[in-house]
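In: got a structure for you, letters missing:
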């Protein structure tokens, strides 16, 4: 049972360890602030923000990482700063262009990296609605964001990956239960054989 709970705990953390907005909308030439929350125990781990390349890998020229404690790091119009008390790191992107739009990964470097995808949409001022940002001019996730084929495809991929994780977990769980039952039966049979031999003696 300890192994079962261990696997369940691992699956939980792999799938839901980080909290980040799924969608951020900002205006052309504006800025975006993305908060990423992580679990306690990862305060000293390196946090990163990167534009997705392929298969959830980071694009090398669009990556920024924390390098020391809670020191702010700035690079290529982006900044990242960790806050150990709030268990959160914030990413700021300024002077946004259409090329900045796309899917980014908000992650923590560990033995097995954990990350959450965040999609950034950049709109022209004439189509950017005031409801897409709050009073402090920070971008937030709208309740009913516009859907695009690319986003639908990414969401479908995320859903398939989640289903695969659950299927693998259930397969491992079934194998563990089968081994447990097989072991107990083998042990029980061995006890019966020993008792039978003892009675004959």
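Out: Received, thanks. Remember, it's a predicted structure, so these values are computed and weren't measured experimentally.
In: please parse this protein into its domains.
Out: 16-127, 153-190 (the TED database).
In: let's have the ones you listed in a markdown table, adding mean pLDDT and mean neighbour count.
Out: Bear in mind the C-beta positions are built from the backbone N, C-alpha and C, glycine included. As requested, these are arranged in a markdown table below (pLDDT from 0 to 100; neighbours: other C-beta atoms under 10 Å):
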| stretch | mean pLDDT | mean neighbour count |
| --- | --- | --- |
| domain 16-127 | 90 | 16 |
| domain 153-190 | 74 | 11 |
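In: hang on, residue 173 in a helix?
Out: Yes. If the criterion is DSSP: H, G, I helix; E, B strand; the rest coil, then residue 173 is within a helix.
In: ranges for the strands of this structure?
Out: Secondary structure of the chain (DSSP state E): strands located at 23-27, 32-37, 47-52, 58-65, 73-75, 78-83, 88-93, 102-108, 114-123.
In: can you lay out these as TSV showing distance to residue 181?
Out: As requested, the strands of the chain are arranged in TSV below (distance: least, C-beta to C-beta, whole Å):
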stretch	distance to residue 181
strand 23-27	46
strand 32-37	41
strand 47-52	43
strand 58-65	44
strand 73-75	53
strand 78-83	47
strand 88-93	45
strand 102-108	38
strand 114-123	33
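In: what's the closest of the ones you listed to residue 184?
Out: Checking the strands of the chain against residue 184 by C-beta to C-beta gives strand 114-123 as the closest, at 35.8 Å.
In: relative to strand 23-27, how tilted is the closest one?
Out: 30 degrees (axes from the mean of the first three to the mean of the last three C-alpha atoms, to 10 degrees).
In: quick one, strand 114-123 and strand 102-108 angle?
Out: 150 degrees.
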